[in-house]
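[1] Just to be clear, the model below is a prediction. Sequence and coordinates:
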Amino acid sequence: MCLIITELAALISFAVWFFDSKSKEHKTGMLVLMYLGASVMWSVDGFFALSKGEPFFDLSLNDALLGILVVVCGIVLYSLLMLFAKVKSRHKAHS
């Protein structure tokens, strides 16, 4: 389930990046890369599970909560990075 949730987050962030005219200013490409990286990680985990005879998708509640946690952590990290960039640009403007 975490693979499905992170891929959905990657698709949504990609759509925002693709259609937002200020995507370079908002640096949404960074968010896309975070979620794509997480999706690749979960895909590798799924293939490893298949090699062990387990199902590719884990549809349990714990796995869904893990996917939601990954998406929330990505948003928090993106927000912190944007805040840091804004503070840094204001600091340079005052110097």
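    Yep, it's here.

[2] contacts for the helix-or-strand element of the chain with minimal mean pLDDT?
    One helix or strand of the chain scores below all others by mean pLDDT, DSSP states H and E: helix 23-26, with a mean of 80. Contacting residues not belonging to helix 23-26 are listed as Val16, Trp17, Asp20, Gly29, Met82 [CB atoms under 8 Å, 6 or more residues apart in numbering]. For glycine as for every other residue, the C-beta is placed from the backbone atoms N, C-alpha and C.

[3] which residues does Trp17 contact?
    Going by CB under 8 Å, 6+ apart, Trp17 touches Ser23, Thr28, Gly29, Leu31, Val32.

[4] and Ile68, how many residues sit next to it?
    Neighbours of Ile68 under the rule other CB atoms under 10 Å: 15.

[5] if I look at the residue most central in space within the chain, how far off is Met82?
    Centroid-nearest residue in the chain, with CA atoms, centre = their mean: Tyr35, separated by 2.6 Å. The spacing between Tyr35 and Met82, counted by CB to CB, to the nearest Å, is 16 Å.

[6] repeat for Gly37
    Counting by CB to CB, the gap from Gly37 to Met82 is 18 Å.

[7] One more: Ala15?
    Relative to Met82, Ala15 is positioned 19 Å away (CB to CB).

[8] more crowded one of the two?
    Remark: of Ala15 and Met82, Met82 carries more neighbours, 15 against 12, as counted by other CB under 10 Å.

[9] Tell me who's in contact with the more buried one.
    Residues in contact with Met82 (CB under 8 Å, 6+ apart) are His26, Lys27.

[10] which SSE is it in?
    Element membership for Met82 (DSSP states H and E) is helix 61-94.

[11] Buried by neighbour count: which residues of that helix qualify?
    Asp63, Leu66, Gly67, Val70, Val71, Gly74, Tyr78 (16 or more other CB atoms under 10 Å).

[12] Residue ranges in this protein under the pLDDT threshold?
    Residue ranges of the chain with pLDDT under 70: 95.
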